[in-house]
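Engineer: one predicted model, sequence on top.
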Amino acid sequence: MTVIHVALDVPVNRLFDYLAPNADSADIGRCVRVPFGNRQLSGIILSVSNLPSVPERKLKTAGLIDQAIPPLPQSLLELFEFCSHYYHHPIGQVVMNGLPALLRKPGYTTSRIPKQIQEWILTDAGRIITLSDIPARSKTKRQLFSLLLENGIITADIYKAMSPHSRKLLHEFKDLGWVEQRTALPGKFAFSTVPTLAPTTEQAHAIAEILARIGTFTPWLLHGITGSGKTEVYLQVAASLLAQQKQILVLVPEINLTPQLEATFRKRFPNTPLVSLHSGLNSSERLQGWLQAQCGEANIILGTRLAIFTPMPRPGLIIVDEEQDHSFKQQDGLRYSARDLAVYRARQANIPIVLGSATPSLESYHQARIGRYRLLQLHARAISQAVLPAIHCIDMRVTPAQERLSEPILDALRQSLDQKQQSLVFINRRGYSPALLCKSCRWIATCKRCSSRLVVHLRNRQLRCHYCGDQQPITPACPQCGDPDIMPFGHGTQRIESALIKQFPNARILRVDRDSIRHKTAWQTMLDTIHQGKVDILVGTQLLAKGHDFPNLALVCVLNADSSLYSTDFRAEEHLFSQLMQVAGRAGRAHIPGTVLIQTEFPQHPLYLALIRQDYAAYAQTQLKERKSASFPPFVYLAVLRAEAPVLAEALEFLHQTAVIATIAKEYAHIQLFDPVPATMTRLKGLERAQLLIQAVSRKCLQIFLSDWHQRITALPARSKLRWHLDVDPLTL
DNA sequence: TCTTTAACCAGA
DNA sequence: CTGGTTAAAGAG
């Protein structure tokens, strides 16, 4: 009797056994279709044996085993198992979370996988065409073709990000014989790279160091200030491994960053098959890319956190760019950290991993200081003429301001305008104003379902909750006292935008935040507008801070940095420092000296003093000292048990009960449990939430305790309307 | 999670 | 007795 043990997408942490007379160990890692209850599911075979774990009569017979797709490699299955244990998440859901959605659909086989046209290549005939052959008024057409001329190739996600019409335009080019479609990528490729500028001494050193330890598990922390050319290090190390036909995995924090990085890699390695994987792809594109990685056709895999689960037969290098970014941690379902899993995978595959950042997470920096990671530093900007921006604080206790804009900032903006240079006004708050206030009775508009204030959006005269997305029209009068004198209170991007328009009526001002780039192609269009120099003043949120080069940007103004200075979250300061370093790094990248002005009420705060000196190391050291004395990560290990229920008391009561059963769990003596407390945002989407913090001196203690405790909590009688989850290594408390 | 089944209650 | 809602149990 042959029994297969199958991982299924159900929230129970166990495998399900099926009879499969023809299966053998070669089927481990294959996709199988099985009956489950009265429905059909597809799952992954994790093992094959002749010992069912339930009485034989309960066994059903498995359906078709998909032979068309090669089985998942053992290493990936191990990663899934590790994930399930470490994050205390059902194995089946871990496995299914890591696979493209189409593979989860029952009965889906490669025979039905659409052979999608992915790439368009410039033909010899196209190469002799110049932009002047295209009418000037066909803007997108020109844009598209100039990209083709530059790179010789254009891929689906790049042209799709550009304009919805680009597909049609590419077909026009094809009819003219300028481009060809490429359906499948070649299995073997002739490696080549285009000539590059010589690396700086520091870059060369970093590259040599990494290359010297290729083929062994070596975690590198590449600490390079903004503009120091970390990407060049990635590229040159990658070049060496690609030449050996190895696969490279590159993780970036956000989808927005993939097109730019993809273009960079394409340009450097024109013949190397590359796929990008992120949640912005449709399901067949995602499957296509995943399959190319899994069968070894794609040699560069570039993506967001989900790409960490991509099977690779010949892994050679993993790169995690902006490793400190919180986006690498999934905030729901399987709460994994792609950065941490990347280190696991590198160890497993015995290959180097490069964690890159201008402001490394304190966790990684600490690892480097104690010698577990190797530290590489880039202190100088890669373009020799480029100097670091000068950073100044403006003391808002003594400086007058109108509409949150102080005189020095208005002066600097004016000057920048005169010199025809771009400026960036950074305010990390969307909307017109973060609150609506009644002047006579002090009533403030709050969300019905969340403990949050409603944000005023003047454009469509709406009040919006930024936590649950709920919208309602602005009330004409105070609902509490009837006074019509209700006022927007505080400043968001939209309000600053209108204030700037008033101040600088002739300036071209562009607002960039999640509201303004809601439409699919808006982001790319805005980037182009900025690059073409058609913008004088940019107003925006952190979207603008991340990883984009604005060559003509000379001035950065930060308006409301203080808000997270004295936060209850012990990571808020680290986050602010990193964010300000990033946004400051936007100024003066190429040949223009940059200026950064920060409005603050606390100009003497150590964070700003360190920021002015742009001294990450010193700041990190003092932060680490504080973390150590306060017993915070990276010196202790944390987990959070969160519960949500219609009323707070129920959630708290549940957590109290789990605390009681914790005392009989294994390793309890080495664990510290804190009192259950209401969550920072207590009400969210109509539910009230509480949490319980667990602290341990070692990962091992924490894990032993959590496994035991988690089981006990699961065994507790279920309560209706109460949901709970464990978050291991949480980033926000 | 999804689905089935049992349990409960109101109303006729 | 019926219809409807709700809670608990089980899935191989």
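Structural biologist: Everything's here; your move. All values reported here derive from a predicted model rather than from experimental measurement. Numbering: from 1, shown residues only, chains lettered A, B, ... in the order given.
Engineer: A:Val48 - that's part of a strand, no?
Structural biologist: Yes - per DSSP: H, G, I helix; E, B strand; the rest coil, A:Val48 lies within a strand segment.
Engineer: now stretch A:309-324: buried residues?
Structural biologist: For stretch A:309-324, burial by neighbour count (16 or more other C-beta atoms under 10 Å) applies to A:309-312, A:315-324. From N, CA and C alone the C-beta is placed, and that goes for glycine too.
Engineer: strands - which of these land there?
Structural biologist: Within the buried residues of stretch A:309-324, residues falling in strands by DSSP state E are A:315-321.
Engineer: how about the secondary structure of A:Gln711?
Structural biologist: Assignment for A:Gln711 (three-state DSSP): helix.
Engineer: can you pull the pLDDT of it?
Structural biologist: On pLDDT, A:Gln711 comes in at 91.
Engineer: okay, which residue is most central for chain A?
Structural biologist: Centroid check for chain A by C-alpha atoms, centre = their mean gives A:Pro253 as the closest residue, at 2.8 Å.
Engineer: hmm, that one is touching A:Gly303, no?
Structural biologist: No - counting by C-beta atoms under 8 Å, A:Pro253 sits too far from A:Gly303 to count as a contact (10.8 Å).
Engineer: using CSV, lay out the ones in strands among the buried residues of stretch A:309-324 together with pLDDT.
Structural biologist: Below are those laid out as CSV (pLDDT from 0 to 100):
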residue, pLDDT
A:Pro315, 97
A:Gly316, 97
A:Leu317, 98
A:Ile318, 98
A:Ile319, 98
A:Val320, 98
A:Asp321, 97
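Engineer: quick one: low-confidence ranges for the stretch 451-600 of chain A?
Structural biologist: Applying pLDDT under 70 to the stretch 451-600 of chain A picks out residues A:589-590.
Engineer: what about the residue in it positioned nearest to DNA strand B, neighbour count?
Structural biologist: The nearest approach of the stretch 451-600 of chain A to DNA strand B comes at A:Cys468, 17.4 Å away (C-beta to the nearest atom of the strand). Neighbour count of A:Cys468, defined by other C-beta atoms under 10 Å: 16.
Engineer: from the buried residues of stretch A:309-324, pick the one nearest DNA strand C.
Structural biologist: Distance to DNA strand C across the buried residues of stretch A:309-324 (C-beta to the nearest atom of the strand) is lowest for A:Phe309, with 23.8 Å.
Engineer: contacts only, for that closest one.
Structural biologist: For A:Phe309, the contacting residues are A:76, A:79-80, A:97-99, by C-beta atoms under 8 Å, 6 or more residues apart in numbering.
Engineer: residues contacting the residue in the stretch 151-300 of chain A positioned nearest to DNA strand B?
Structural biologist: At 17.3 Å from DNA strand B, A:Ser283 is the closest residue in the stretch 151-300 of chain A, using C-beta to the nearest atom of the strand. A:Ser283 is in contact with A:100-102, counting by C-beta under 8 Å, 6+ apart.
Engineer: and for A:His85?
Structural biologist: Residues counted as contacts of A:His85 (C-beta under 8 Å, 6+ apart) are A:703, A:707.
Engineer: quick check, it in a helix?
Structural biologist: Yes - the assignment for A:His85 (three-state DSSP) places it in a helix.
Engineer: near DNA strand B, which residues of chain A are found?
Structural biologist: Residues of chain A that fall close to DNA strand B, judged by C-beta under 7 Å from any atom of the strand: A:10-12, A:37-39, A:723.
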